[in-house]
Structure formats: structure tokens, C-alpha cells
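I'll drop the sequence and a predicted model, then ask my questions.
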Amino acid sequence: MLDAITPLASDAGATAYVVGGTVRDVLLGREARDLDLAVDQDAMAFAKRLTAAFGAHFVELDEVNAVARVVMPRGHDAAVDYVDVAQLQGTLEQDLRRRDFTIDALAVPLGQASVIDVCGGLDDLAARAVRMNASDVFDADPLRLLRAARIASELGFAIDARTQDVIRARAGDVVQAAAERRRDELARIFALDDAYQALLLLDGLKLLDALLPEVTFGRGVGQPPQWHAYDVFEHGLRAVEAMDIMLAPAAPVGAGAWLWEGLWKAFAWCEGELRAYLAEELSEGRTRGSLLKVAALLHDVAKPQTRTVDDDGRARFYGHADAGAATAARVMRRLRFSASEVRFVSRLVAEHLRPVQLAQVGEAPTRRALYRFYRALGDAVPGVLLLALADAAASRGPSMTSEAWSRHVAYMNSLLVRSMEEEGIVDPPRLLTGNDVMRELGMPAGPAIGKLLEALREAQAAGDVNDREAALAFVRAARNTAEGTPGI
């Protein structure tokens, strides 16, 4: 890619540098799917020159600061997916010193291999440290407060003490950054294999209070003893920790590894399909798997506002799932997540208790209960089952045993197995159409027909109706029973 860009820069009479995260990632041996360039001339014009040369797509990112993006065409064979082009702000040294962190203030002249380091970035790379270039870097862009935590979490680096102090003192300023930009940084954190540790870092820097006050409101809100003395806030964090382990691409090492092993041993029969489900992108590269971690953090977000205490001193949280779904939707809309992402996460939060409510303790769910479960959740079913498991692991904490975990996993697995093995639970065959019902019962078109057909499908799923004759008898009886009922 650089070999192709170098002559274009030369022909344009431009001096260009590879800068920022691209240099950092290459030096760390990490794959860099984007290329950051700084040029000493009109960046917009240079980006358009690249766009034409590569048959790419031009996007203006920042007109004021002259920043553009060149998005490579679908199916391209280039080493990167896009190229960001920015105009140098002053001299190269002045430009680098304006950047956020020392490890991002590195430059390599196009066509050369020598690294220009004016801020000590190479030393900080060696020390695995994220250090601000100056305390005023957050004035230029308050998103950098969050970006520091995200970079440290992605790289496994530590934020140096002085930078941490400044971030804590200014944490509230992060909300001045555009909601979409905050969303993108948070989304990258939830996509990490260790999102739990990243959230702990955000909390320690006081950024979580600013970004997600609905979550930290649960701090100090007590729960019954079976929640292992976790307050509502820590329980949400621990649910993310459990989800990290469960969704890890390979068996983790150390404490909690048996959570992963127990899960994927039980779900081995559908691991490929389940992994594909988790990897599916709902919007702008954000996957179901990362959104499951969002749901894990938010699943009990309404417990503080719904908490009551019985006469015997036991805390109750009646209606917290539905209230939590509404809160989760508000949080995600505030951060400008897409409508499909809002629906997915809010549905998971609303239904996270449902799997364990399908049947009495010690009994298997009925076919009718399973049909209603699948009808209500649709393609969110696997996500709800995984969230229910993470909730169980977070509730029991260190007291969860591998035997108890195996029972939880086996039950959730059975819900998927039965839906596939017992014909007609999820999608009963159509025995009657709306026209059939209208003709047989002499009814006009209207909502009542749909209600009768839905009742018929439920009866089929339960195994009470198996053929057309029985279906006709069922709708006649249902019509007679519902005679006079509003809407039927």
C-alpha cells in the first residue's frame, strides 16, 4: 500500500508521514487495518487523489482541521481498509506535540524506515505506558479522556499516574464529546476479550460515573444473600466478567476456565452456528457478542428504582426487568446506537429472567411455554440464554460450583435442543389460513381472525392440535368460548 502511495505523494509535491496509531501498532507487531497519514499540503485534495487512484470512496471527516478518509472498495486487496489523511498543523514537531499521547506522537517519513519521536513515545512503548503529551491535550478533545482508557485496555498498557490524576479531575468533561464518538470508544471496549477489566479501569478513573450514571447508581444498593454480597453495581460488572469468559475464542487459563469449558462442552453440537450468531454485525461493525456484554452490564440497571423490602427484611425488585429494558433503551439511544442494537439489548434486558421462569423448579418447560418463549424472543433466544447464564454466574460468584454450573448450562442447552428436536414448537405448520377461518366460521376480516390463528398455532405447538380437522374444531370452539369477548 505504501509503495503505491509514495509515488502519488511525490507527483503531488507533498511531504507525507505515516503517523499515530499506525506507527504504534506496527512497532508493537499488531495488525493495522487503517493507515494514518499527515501531509504538508491540502489534505482534502491529496485524499481525493488517493481516492481516484484506488477506486475508493472519499469521506470528509473534519473540514475545519482538514481531515479526510479514503475507504477502500469492497473486495479490495490492499493491506488496509481505509486511509485517514490529515494536514500537518504547523511543523511536523508541532503537529506531533499536539497529539494526545506520546505513543501516538510518532512519525515515519513516507518511503523511509526511521521513526521520528519528539515526545518520548518509543520509551513509553517499551514501558507499556499511556502518557499524555501535556495536560492540555484534553482541552482540544475531551474524548481523549475515554480514549486513554480504551487504548490502555486494548494494548494491555498502564496509564501513568499523572495522566490518571488529570483524567479523574476532568472525567465529567467526557460528555462534551459527540455521543457517536463516545459510543464508538465504548463499543471497542465491549468488544475486548477482557471488557470487565476495562470497565474497572473506567470506574477507577471516574469515567463510568460520567458516561453511564444509570449503572453506577447501583453502587451500594444491596441484594439478597444469594447474590454473594455483591451490590447491584458490582453484580452488573461481574455479569460482564462472566460473559468475557463464556465468549472467549479459546479456553481461558486460570480461575473461571471451567465456566468456558462447561458451556462449550454442552453447546458443542451447535458451536459453529452459535459462534456465527455472536459474530454477526448488527450495525457498523458492532457484533451481537459485544452487545451481549452491554446487556450484561445493563440487565439489572433498574433494580435501584424498583427495590422494596419485605416485612422480613428481604429485598425485592418487582418489575425491574421491564423497567430496566426501558432504561437500557434510553441509554443506548443517548449514545446513538442503531435502532436494531437498541431493540436487541433492550429485549435481552426485558427477558433475562424468562428462561428460569419457564417451568417450576425440577420440571421441564411445557411445549406451550417454549412456543411462547420463542414467539416473544425470535432471534434473540440464544442471546437471552447466554445472558441468563452470565447472570447466574454473577449471582453466585465464588460460591458457584462446576456441578451447579453444569446444571445451569444443561438446562439452557435443553431449551435449544428441544426447539430443534421436537417438531412444531418453534414454527408449527400452517393448518388453516385466514380465508379458511372466515369461510368456515362466517366471520369478516379483522383482528379477531389473527387472534384465532395465533391461538391455533399455540395449540399446535402444545401438541393439542395435529391435523386440519382438529384445527377446524379448535377454532370453532375458541370462537364460541370467546363470543362476546371484546376484540374476539
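Great, that's in hand.

I'd like the distance from the strand or helix carrying residue 341 to the chain centre, please.
Using DSSP states H and E, residue 341 maps to helix 339-351. With Cα atoms, centre = their mean, to the nearest Å as the basis, helix 339-351 stands 11 Å off its chain's centre.

what's the helix or strand that it is followed by in contact with?
Downstream of helix 339-351, the next assigned helix or strand under DSSP H and E is helix 354-357. The contact list for helix 354-357 (Cβ atoms under 8 Å, 6 or more residues apart in numbering) reads 373, 376-377, 384-385, 388, 411-412, 415. In this view, the C-beta of every residue, glycine as well, is placed from N, C-alpha and C.

which residue ranges of the stretch 201-350 of the chain form helices?
207-211, 213-216, 232-247, 257-266, 271-279, 288-298, 303-306, 320-334, 339-351 (DSSP state H, counting those that start in this stretch).

could those helices be laid out in JSON lines, adding mean pLDDT and distance to residue 477?
Formatted as JSON lines, the helices of the stretch 201-350 of the chain follow (pLDDT from 0 to 100; distance: least, Cβ to Cβ, whole Å):
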{"stretch": "helix 207-211", "mean pLDDT": "98", "distance to residue 477": "56"}
{"stretch": "helix 213-216", "mean pLDDT": "98", "distance to residue 477": "48"}
{"stretch": "helix 232-247", "mean pLDDT": "97", "distance to residue 477": "45"}
{"stretch": "helix 257-266", "mean pLDDT": "95", "distance to residue 477": "41"}
{"stretch": "helix 271-279", "mean pLDDT": "96", "distance to residue 477": "39"}
{"stretch": "helix 288-298", "mean pLDDT": "98", "distance to residue 477": "41"}
{"stretch": "helix 303-306", "mean pLDDT": "94", "distance to residue 477": "40"}
{"stretch": "helix 320-334", "mean pLDDT": "97", "distance to residue 477": "33"}
{"stretch": "helix 339-351", "mean pLDDT": "97", "distance to residue 477": "31"}
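
please work out which of those helices is packed deepest.
helix 288-298 (a mean of 26; mean count of other Cβ atoms under 10 Å).

what packs against that one?
helix 179-190, helix 195-204, helix 213-216, helix 232-247, helix 271-279, helix 320-334, helix 339-351, helix 381-396 (3 or more Cβ pairs under 8 Å, 6 or more residues apart in numbering; DSSP states H and E).

just put those in a markdown table and tack on distance to residue 139.
Listed next are these as a markdown table, based on distance: least, Cβ to Cβ, whole Å:
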| stretch | distance to residue 139 |
| --- | --- |
| helix 179-190 | 16 |
| helix 195-204 | 21 |
| helix 213-216 | 24 |
| helix 232-247 | 31 |
| helix 271-279 | 39 |
| helix 320-334 | 24 |
| helix 339-351 | 32 |
| helix 381-396 | 39 |
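
so which of these is nearest residue 298?
helix 320-334 (4.4 Å; Cβ to Cβ).

who does the closest one touch, helix- and strand-wise?
helix 213-216, helix 288-298, helix 303-306, helix 339-351.

now that helix: how far from the chain's centre is it?
On Cα atoms, centre = their mean, the centre of helix 320-334 falls 15 Å from that of its chain.

and that helix with helix 339-351, angle?
Comparing the axes of helix 320-334 and helix 339-351 via axes from the mean of the first three to the mean of the last three Cα atoms, to 10 degrees yields an angle of 160 degrees.

quick one: helix 320-334 to helix 288-298, angle?
Going by the same axes, to 10 degrees, helix 320-334 makes 120 degrees with helix 288-298.

name the residues that touch helix 320-334?
179, 212, 214, 294-295, 298-303, 305-306, 341-342, 345-347, 349-353.

hang on, the earlier thing: now the contacts of helix 354-357: which count as buried?
373, 377, 384-385, 388, 411-412, 415 (16 or more other Cβ atoms under 10 Å).

on that earlier part again, for the helices and strands packed on helix 320-334, which one sits closest to residue 86?
Short answer: helix 288-298, nearest of the helices and strands packed on helix 320-334 by Cβ to Cβ, at 28.2 Å.

any idea of the angle the closest one forms with helix 271-279?
70 degrees.

re earlier: closest to residue 21 out of the helices and strands packed on helix 320-334?
Nearest to residue 21, of all the helices and strands packed on helix 320-334, is helix 288-298, at 20.1 Å by Cβ to Cβ.

can you give me phi and psi for residue 88?
As for residue 88, its main-chain torsions (degrees, to the nearest 10) stand at phi -60, psi 140.

now do it against residue 120, distance only.
Residue 88 sits 20 Å away from residue 120, going by Cβ to Cβ, to the nearest Å.

then residue 127?
Distance from residue 127 to residue 120, by Cβ to Cβ: 10 Å.

give me the element residue 93 is part of.
Residue 93 belongs to helix 92-97, assigned by DSSP H and E.

kindly report the same for residue 8.
Going by DSSP H and E, residue 8 is in helix 2-11.

same thing with residue 69?
strand 67-71.

strands paired with that strand, and their directions?
In the sheet, strand 67-71 lines up against strand 57-62 (antiparallel), strand 82-87 (antiparallel) (DSSP bridges).

so which of those comes closest to residue 473?
Judging those by Cβ to Cβ, what sits closest to residue 473 is strand 57-62, at 60.8 Å.

now the closest one: mean pLDDT?
On average, the pLDDT along strand 57-62 is 86.

same check, this time on stretch 22-34
Stretch 22-34 comes out at a mean pLDDT of 89.

which intervals of the stretch 301-450 of the chain have sub-threshold pLDDT?
360-362, 421, 423-424 (pLDDT under 70).

likewise the stretch 1-150 of the chain?
Looking at the stretch 1-150 of the chain by pLDDT under 70, you get 1, 75-78.

where along it do the strands fall?
16-19, 34-39, 57-62, 67-71, 82-87, 106-109, 116-117, 129-130 (DSSP state E, counting those that start in this stretch).
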